[in-house]
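Student: From the sequence below, what's the structure:
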Amino acid sequence: MILLVVDMQEGLVDEELYAFEPFMDSIVRLIGAAREHQVEVIYVQHDAGSGSGMSVGDKAFEIANQVRPEPGEKVFVKTINSCFGNKDFREYMERQEDKRLMIVGLQTNYCIDCTVKSAFERGFDVIIPEGTNSTFDNDYMTGETTVRYYNEDVWEELADTVTIEEAIDLFGT
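Tutor: All right, here's what the predicted structure looks like:
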């Protein structure tokens, strides 16, 4: 199994995210548990392009301090919403024998959604721990409605939604 931590970057990790504190607590707890169980943790950062303020070299591009990778953990950079848009990441994932992929991070309605769908299409068993993806309010829906819509409806047949405790238990199997 792999724990994939998506776009947990300084420019996105913000108190305006839906359920910010429980979301951050859940992510930190899950990363810690994965490391304790020697489950590989992979990070992906979004590069929005030169001049965007969220590109390589920008403070907003950096992975947030609360979830910073440890030495030796893989970090990939993507320029489109799906993590599978990065060729090196895609090829690395294709070589994995264990096709269980636990996906957490930001934002529910953008990069998480695209990565869930791309992983499912590639035959991965996608696992979404409750409360480990979030987003901002937008012109159409609140962050809460958006998170519920994707987690409870859009991904219903694409991923297994589990509690944090169930996710941690999966690390031991």
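
Student: And for this structure, the residue most distant from the center?
Tutor: Relative to the centre of the chain, the most outlying C-alpha is that of G51, 24.4 Å out, by CA atoms, centre = their mean.

Student: Report the separation between that residue and G143.
Tutor: 27 Å (CB to CB, to the nearest Å). Glycine gets a C-beta too; all of them are placed from N, C-alpha and C.

Student: What pLDDT is listed against T173?
Tutor: T173 is assigned a predicted lDDT (pLDDT) of 85.

Student: before we move on, the earlier item: so how far is G57 from the residue farthest from the centre of the chain?
Tutor: In terms of CB to CB, G51 sits 11 Å off from G57.

Student: Now do the helices in this structure.
Tutor: For the chain, applying DSSP state H gives helices covering 20-36, 87-94, 113-121, 143-149, 164-171.

Student: Can you say which of those helices is nearest to D7?
Tutor: D7 sits nearest to helix 113-121 of all the helices of the chain, at 9.5 Å, using CB to CB.

Student: for the closest one, packing partners?
Tutor: Contact partners of helix 113-121 among helices and strands, from 3 or more CB pairs under 8 Å, 6 or more residues apart in numbering; DSSP states H and E: strand 100-106, strand 125-129.

Student: Sheet partners, orientation included, of the last one?
Tutor: For strand 125-129, the pairing partners within the sheet under DSSP bridges are strand 100-106 (parallel), strand 159-162 (parallel).

Student: need the contact list for the residue lying closest to E94 once chain neighbours are set aside.
Tutor: The spatially closest residue to E94, leaving aside those adjacent along the chain, is R122, at 7.5 Å (CB to CB, 6 or more residues apart in numbering). Applying CB atoms under 8 Å, 6 or more residues apart in numbering, one finds that R122 lies in contact with 84, 93-94.
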